[in-house]
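Participant: Please work out how this folds:
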Amino acid sequence: MAKSKDVRGTVILECTSCVRNGVNKKLMGISRYITQKNRHNTPSRLELRKFCPYCYKHTIHGEIKK
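Facilitator: Residues are numbered from 1 along each chain as shown. Have a look, this model is predicted:
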């Protein structure tokens, strides 16, 4: 049997327009979404338009490291 290489990985998307300088990113106040992506089809960082409840509008959410 072939081993699974974990092609679909879990990624975290964070709002790029919420500028909170000097605030720890682990605290509440920054919009985050959890999704999956296919690492073979999308090797670069993922960016999607999602709703940010802190900005009250749709903004670009970019992939961050875990």
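Participant: all contacts plus neighbour counts: C-alpha atoms, from now on.
Facilitator: Will do.
Participant: Using the three-state scheme, assign the residue positioned nearest the centre of the chain.
Facilitator: Geometric centre of the chain, nearest residue: Leu13, 1.0 Å, by CA atoms, centre = their mean. The assignment at Leu13 comes out as strand when based on DSSP: H, G, I helix; E, B strand; the rest coil.
Participant: wouldn't it be in contact with Ile60 here?
Facilitator: No. At 9.1 Å, Leu13 does not count as touching Ile60 under the criterion of CA atoms under 8 Å.
Participant: quick one: what helix or strand has the nearest residue to the residue nearest to the centre of the chain once chain neighbours are set aside in it?
Facilitator: Distances taken as CA to CA, 6 or more residues apart in numbering place Glu63 nearest to Leu13, at 4.5 Å, with adjacent residues excluded. In the assignment (DSSP states H and E), Glu63 maps to strand 57-64.
Participant: Paired strands for that strand, with orientation please.
Facilitator: Here strand 57-64 is paired, per DSSP bridges, with strand 8-15 (antiparallel), strand 47-52 (antiparallel).
Participant: In TSV, list those along with mean pLDDT and distance to Asn38.
Facilitator: Formatted as TSV, those follow (pLDDT from 0 to 100; distance: least, CA to CA, whole Å):
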stretch	mean pLDDT	distance to Asn38
strand 8-15	92	5
strand 47-52	94	14
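Participant: These into a markdown table, with extra columns for distance to Ile30?
Facilitator: As requested, the strands paired with strand 57-64 are arranged in a markdown table below (distance: least, CA to CA, whole Å):
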| stretch | distance to Ile30 |
| --- | --- |
| strand 8-15 | 7 |
| strand 47-52 | 8 |
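Participant: does His40 really touch Asp6, like I thought?
Facilitator: No. Assessed by CA under 8 Å, His40 is found out of contact with Asp6, at 10.2 Å.
Participant: For this protein, which residues score under the pLDDT cut-off?
Facilitator: Low-confidence segments of the chain (pLDDT under 70): 1-5, 19-29.
Participant: rerun that using 80 as the cut-off
Facilitator: 1-6, 19-29, 66 (pLDDT under 80).
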